[in-house]
Every structure is written in C-alpha cells, then in structure tokens.
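*Asks:* Predicted model, plus sequence, below.
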Amino acid sequence: MLLVFLMNILDALMFPFSKIALKYASPLFLTGFRMALAGIMLLGYQYLFKKEHFVFPTGYWKPLLFAAFVNIYVTNVLCYWGAHYVTPTKSCFLYNLYPFAAAFIAYMYLNERLTPYKWLGLCIGFLGTVPLLFTSESGGAMHTGWHFFIPLPELAIVVSIITDPLGWIFIQKAILHNKCNALMANGLTMFFGGIFALFHSASVEGWSPLPIVNYKGFLLSALALMLISNIVGSVVYIKLLQKYSITFLALSSFIEPLLVGIFDWFLFSLTVPKSFYPSFLVVCLGLYVFYKDELAA
C-alpha cells in the first residue's frame, strides 16, 4: 500500500511542476520532449545495465504501438486541449470519472468484474471528492463556438479519461501475458508516444526554432517532470500493475486532489480548503473497502 500512496504522491506533484513547465514551453512540445527523452533513458538503462532484457518485441509490436499512440499521445493531447477551455471545477468533476472508466475498460477487455463491495468502495471514494467541487478555484470557461449536446472540450477530457486506462491495459497485457520486460515496454511506449507528440507539435506549434520561451527554465522543469512522472512514477505504476487491478489503482487516484491542494499550499502558499480533511477521510474509507475485497479475491 505504501507504493500505492507513493504513486499518487508522484502524480500529484505533476500538477505544480506542470504549472511551472508550461510557462516555458508549449504543451505538445513539452509532452513530446519529456516522453521521448524518458523513453531513450529507460531503453539506454536497459542496454547498459540489463542487457539480457534488452530484447525488442517481435510478436507484439502492435499492442505497444497502440499503447504509445493512445496512452501517451492521444491522452495528453486531448487532456491539454480540453483543459484550455474548461473551468477547473468542471475538470475536477470530469476526472472523478476516471475510476469508473477504468472499471468499465477492465470489464470489457480483461473480463474483470467488480463485486458489490468493490462498487461500494468506488462510490464511497467518489462521494468523498464531492465537497471539493464546491471549493475548487472558479473561472470562466472559454467559448469554442461549438454547440453540441456535449461540448467538445468536455468531450475531449472524457475521451482522454477513457484512453488512459485503455493504453495501460495493453501495456499490462504485454508484460503479464507476453512476458515483455516492464522497463522495455515502458521505454518503447514513451519513446514512440513522444515522437507522435513531437510530429504534431512541429506541424501546429510553429518551430522557429522551437516553441520554448526560456531554455534554462524549460530544461530544469522538463527534467523534473520526466524524473517524477516518466521515470520513477511509471516504474512504480508498472510494478503495481503486476499485483493490483487497474480499477483499484484508478480508485486510489481519488486522493490526488487532496495531495495537489497540499502541494499548492506548500509550493505556492495557496490556502487548503477545510473540506479537504473530511474528503480525505471519506476517500480513505472507500479505498479501504475496495482494498479489503481486492485482497479477499
């Protein structure tokens, strides 16, 4: 369980560091640069220190390329674009749908069924995040000019919520069913996903020469993001995937808004709302109910 909390601490750290990094570079270039570089570093580590595991997959290239496209490229592009138009309050609410999306994807692709107690834990965790909706930072949404039943920015965020666990399922299958080395699978998906993002960035963000405002600030913040998320965070997550279900790990992400609030207070001197504390207790209760049934399975 300590690794589960460590994973969410690392994910929560991504938000304040992303705020800093996006001051220096465009979102697509930042995503592509850190993903591709992190993939190269992981593959380089395998080649230099674990050469016996440096084996390129021959029979399951397609699942890994699909995971790279969906989990790394599509998820990040849609998430950044949608968040540009949607208020923080609505984004917070939409991301609370992530555990439910993960449960549905796991049911469809892994035949992973939830017991009544797991559904109870999932619902308790969701209810624990509701008070945060009333204390989230408010802001006016930008108008895109589209008038569909579901506005396109919100739809983009919802699709990114679905594509993220879908990509992880293909990575998990490559590791557990095809015996692919975890670091190789992680390094390959990051590298190719980063290349997809860099091609997209070059086509729409105007490289003249690069979409970077401050090179020193960009390198420092991008390296910090890469270390936190792509190196340590992804290795921890893949290790947890070999023991826990994707749905349980998704449920544990309910505590991330609480952790983000703490980091915002520590790093940016922002006030943590009082509703964070009861929310934290309710989320932990939901996590405990789900986890107890996970162990009994």
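*Replies:* Cool, got the structure. Residues are numbered from 1 along each chain as shown.

*Asks:* Show me where the stretch 51-200 of the chain dips below the pLDDT cut-off.
*Replies:* By pLDDT under 70, the low-scoring segments of the stretch 51-200 of the chain are 83-84, 86-94, 96, 129, 132-150, 177-178.

*Asks:* and if we set it to 90?
*Replies:* 51-64, 71-72, 76-162, 164-187 (pLDDT under 90).

*Asks:* quick one, helices of it?
*Replies:* 61-67, 75-85, 88-95, 98-110, 116-133, 152-176, 182-204 (DSSP state H, counting those that start in this stretch).

*Asks:* so can I have CSV of those showing mean neighbour count and distance to G39?
*Replies:* Placement of C-beta: from N, CA and C, glycine included. Shown next, in CSV, are the helices of the stretch 51-200 of the chain (neighbours: other C-beta atoms under 10 Å; distance: least, C-beta to C-beta, whole Å):
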stretch, mean neighbour count, distance to G39
helix 61-67, 18, 11
helix 75-85, 20, 14
helix 88-95, 18, 25
helix 98-110, 19, 24
helix 116-133, 18, 32
helix 152-176, 21, 13
helix 182-204, 21, 3
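
*Asks:* Dump those to a markdown table, plus distance to V282.
*Replies:* Converted to a markdown table, the helices of the stretch 51-200 of the chain look like this (distance: least, C-beta to C-beta, whole Å):
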| stretch | distance to V282 |
| --- | --- |
| helix 61-67 | 33 |
| helix 75-85 | 26 |
| helix 88-95 | 16 |
| helix 98-110 | 14 |
| helix 116-133 | 3 |
| helix 152-176 | 22 |
| helix 182-204 | 33 |
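
*Asks:* and Q46, which of the ones you listed is closest to it?
*Replies:* Q46 sits nearest to helix 182-204 of all these, at 5.4 Å, using C-beta to C-beta.

*Asks:* Show me what the closest one is packed against.
*Replies:* Under the contact criterion of 3 or more C-beta pairs under 8 Å, 6 or more residues apart in numbering; DSSP states H and E, helix 182-204 touches helix 27-49, helix 61-67, helix 75-85, helix 152-176, helix 234-241.

*Asks:* any residues touching the second one, and which ones?
*Replies:* Residues outside helix 61-67 that contact it (C-beta atoms under 8 Å, 6 or more residues apart in numbering) are 57, 167-168, 170-171, 173-174, 178, 180, 185, 188-189, 192.

*Asks:* Angles on the backbone of L22, please.
*Replies:* phi -70, psi -10 (degrees, to the nearest 10).

*Asks:* Please renumber the chain so that the first residue is 15 from this point on.
*Replies:* With 15 as the first residue, the last one maps to L36.

*Asks:* What is the burial count for the closest residue to it other than its chain neighbours?
*Replies:* What sits nearest to L36 in space, not counting adjacent residues and going by C-beta to C-beta, 6 or more residues apart in numbering, is L44, at 6.7 Å. Other residues near L44 come to 24 when the count uses other C-beta atoms under 10 Å.

*Asks:* contacting residues around L44?
*Replies:* Counted by C-beta under 8 Å, 6+ apart, L44 has contacts 35-36, 232, 236, 239.

*Asks:* F29 too?
*Replies:* When contacts are taken as C-beta under 8 Å, 6+ apart, F29 is in contact with 274, 277-278.

*Asks:* Those in helices, which ones?
*Replies:* Using DSSP state H, 274, 277-278 are the members of the contacts of F29 that sit in helices.

*Asks:* got CSV for these, with neighbour count and distance to T177 too?
*Replies:* Listed next are those as CSV, based on neighbours: other C-beta atoms under 10 Å; distance: C-beta to C-beta, whole Å:
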residue, neighbour count, distance to T177
V274, 21, 22
F277, 18, 26
D278, 18, 27
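
*Asks:* of those, closest to V173?
*Replies:* For the ones in helices among the contacts of F29, the nearest to V173 is V274 (22.5 Å; C-beta to C-beta).

*Asks:* Would you check how far apart that closest one and L27 are?
*Replies:* 9 Å (C-beta to C-beta, to the nearest Å).

*Asks:* and if you look at A116?
*Replies:* For A116 relative to L27 (C-beta to C-beta), the value is 21 Å.

*Asks:* Out of the helices and strands packed on helix 196-218, which is closest to K132?
*Replies:* Of all the helices and strands packed on helix 196-218, helix 166-190 comes closest under C-beta to C-beta, at 15.6 Å.
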